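# would you be able to build a 3D model of this:
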Amino acid sequence: MKTVFLSGDYYHADDRYVHPDNPRIEFKNKHELEDWKYDGETYYYHLHWQETSNYVTKALSMESVSTYIDDEDSNHIRCRDEYRRGIAKELPDRIKEDVLSGRCRFMIDHSTEGYWGIRWEFLKYVFSCEYKDIIWISGDWNTLTLNSPVELHYSNWWERACALAYDKHDISISELRTKQLKLVEDRIPRDKMCTYYNRRIRNHRINMMMIMHHNNLLERTNWSWGGEVDGGMNWNNSLKRFHLSPKCMGGFKYEKSYDEVSTWKNLQNGKPTTEDLHYNLVNTLNDDHVLNTNFQFIIETWATAGKTCFLSEKSFKPFMLAQPFITYGDMYTIQALRDQGYNVFDKWINHSYDSEFNPLKRAEIIAEEMKRLQSISSSEWADMLYDMRDVFHYNLENLKKANYRFSLDI
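Here you go, the predicted model:
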């Protein structure tokens, strides 16, 4: 049995990491470290990027650790010495001594994110350790094939979260799914075509919204736009080295739509929002939207040219709710779901966009598929959903197996 000490009082769930039938890992609170006796086997100090301590959190933020942020805007140069000193003060003396002696290793947990281009040398420096002392856990599917100076592990944290929400924690989800399947069995036409949510504004979401607006594809969707969340359209000015200004995309083809979208505040279906989009609605389901749409149009956290392949809860909710989907995400997002055993509705939906390297072209291909899907009548959609019944059941059963995949093996 491996021992992992949690570095803070943050939320932690063992079932996001271990095999249910053979856990092989025990998690302990930091206060237990004082009386714990070392048994000769390497143990681990768990550092959660979001809620560990002041300097650890700063050092593990995107603004420090990922090359997605330009050097000129990153903290990894100007703050590295400050972070090193601060982390040295925050870490327990025993942890520092045991890492130095090889008894303990840092387990840095980015399970809930898919950051890429990690500055490994920066991490080694601020934690005053060697590469061999670091284990990096990530939600980036590409972690399985990356070469790195540190030990890497992929975590299906969000897949497990959705599986557990359905299986244990929320009766309302299973009830909603039952209502959904009843509508499918009865071939009830839906009022809207799809859901299309954009809470936090990022460049790829601006690009997709411009294209949707330009092609008049919003009217038949239940859509949202967080134009005032986290600075809205100004949220990511520091990222222009990696993405052209959205207004220039397509040779200014979408300029008028950009000018319109840039004026939007927090909207739902073109009207001021009735929900607080400043609050992350990760655990929220809108029953009316689920039961009155044919499919989900998922806008994932990122839409890179393969730099990461991050699957958040957005990618797994359709399997809970018995819905087909199209996804604007990283390259090969759909293939990653296939690789994990899911049926992605290829019989009915053209996912050829998934292999497109250029994120803008990928968005334009998706828009063409959206036009095709919206051209299908409500009655035809009802028949299509009826024909998907076995796939809905299969995908839920595969989701339930999430806890048996990608268990942390240290």
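# so what's Trp158 closest to, chain neighbours aside?
Nearest non-adjacent residue to Trp158, counting by Cβ to Cβ, 6 or more residues apart in numbering: Glu313, 4.5 Å away. Quick note: C-beta positions are derived from backbone N, CA and C, even for glycine.
# please parse the chain into its domains.
2-155, 159-404 (automatic domain parsing).
# looking at those domains, spot the one closest to Ile410.
Closest to Ile410 of the domains of the chain is domain 2-155 (Cβ to Cβ; 5.6 Å).
# from start to finish, how long is the closest one in a straight line?
End-to-end distance for domain 2-155, by Cα to Cα, to the nearest Å: 18 Å.
# so how far is it from its chain's centroid?
Computed by Cα atoms, centre = their mean, to the nearest Å, the chain-centroid distance of domain 2-155 equals 19 Å.
# surely Leu47 is in a helix?
No: the assignment for Leu47, made by DSSP: H, G, I helix; E, B strand; the rest coil, is strand rather than a helix.
# show me what the helix or strand hosting Leu176 is packed against.
When elements are assigned from DSSP states H and E, Leu176 belongs to helix 171-185. Here helix 171-185 touches helix 287-291, helix 313-321, helix 378-387, helix 389-399, going by 3 or more Cβ pairs under 8 Å, 6 or more residues apart in numbering; DSSP states H and E.
# CA atoms of the third one as PDB?
By that I understand helix 378-387. What follows is helix 378-387, C-alpha atoms only, in PDB (Å, rounded to 0.1, in the frame of the first residue of the first chain):
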ATOM      1  CA  SER A 378     -37.800  17.800 -36.200                       C
ATOM      2  CA  SER A 379     -39.700  14.600 -37.100                       C
ATOM      3  CA  GLU A 380     -36.600  13.200 -38.800                       C
ATOM      4  CA  TRP A 381     -34.600  14.000 -35.700                       C
ATOM      5  CA  ALA A 382     -37.100  12.200 -33.500                       C
ATOM      6  CA  ASP A 383     -36.700   9.100 -35.700                       C
ATOM      7  CA  MET A 384     -32.900   9.400 -35.600                       C
ATOM      8  CA  LEU A 385     -32.900   9.700 -31.800                       C
ATOM      9  CA  TYR A 386     -35.100   6.600 -31.700                       C
ATOM     10  CA  ASP A 387     -32.500   4.700 -33.700                       C
END
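# hmm, back to that, what does the helix holding Leu176 rub up against?
Residues from elsewhere that reach helix 171-185, judged by Cβ atoms under 8 Å, 6 or more residues apart in numbering: 165-166, 190, 285, 287, 290-291, 320-323, 385-386, 388-389, 392, 396.
# and those residues, which are buried?
Among the contacts of helix 171-185, those buried by neighbour count (16 or more other Cβ atoms under 10 Å) are 165-166, 190, 285, 290-291, 320-323, 385, 388, 392, 396.
# out of those, who's nearest Asn75?
Using Cβ to Cβ, Ala165 comes nearest to Asn75 of the buried ones among the contacts of helix 171-185, at 34.5 Å.
# now that closest one. Nearest residue, chain neighbours left out?
Excluding its sequence neighbours, the residue lying closest to Ala165 (Cβ to Cβ, 6+ apart) is Ile173, at 6.0 Å.
# sorry, back to before: roughly how far apart are the residue nearest to Trp158 and Leu285?
As judged by Cβ to Cβ, to the nearest Å, Glu313 and Leu285 stand 11 Å apart.
# ok, longest helix in this protein?
Taking DSSP state H as the criterion, the chain has its longest helix at helix 359-375.
# for that helix, list every residue counted as buried.
Neighbour counts using 16+ other Cβ under 10 Å place 359-360, 362-367, 369-370, 373-374 of helix 359-375 among the buried residues.
# farthest pair within these?
The widest separation within the buried residues of helix 359-375 (Cβ to Cβ) is 22.2 Å, between Pro359 and Gln374.
# so is Arg105 in a helix, a strand, or just coil?
Under three-state DSSP, Arg105 falls in the strand class.
# tell me the bridge partners for it.
Counting by DSSP bridges, Arg105 is bridged to Tyr44.
# what does Leu152 give?
Trp136.
# ok, back up a step: looking at the helices and strands packed on helix 171-185, which one is packed in the most?
The highest mean neighbour count among those belongs to helix 313-321 (a mean of 23), with neighbours defined as mean count of other Cβ atoms under 10 Å.
# sorry, back to before: which residues sit against the longest helix of the chain?
Applying Cβ under 8 Å, 6+ apart, the set of residues contacting helix 359-375 is 193-194, 204, 207-208, 211-212, 215, 217, 220, 243, 249-250, 294-295, 297, 303-305, 326, 328, 331, 349-350, 352-354, 356.
# stretch 304-313 now?
68, 113-117, 139-142, 156, 158-159, 161-162, 282, 300-302, 329-333, 336-337, 357-359.
# pLDDT at Asn22, what is it?
pLDDT recorded at Asn22 is 86.
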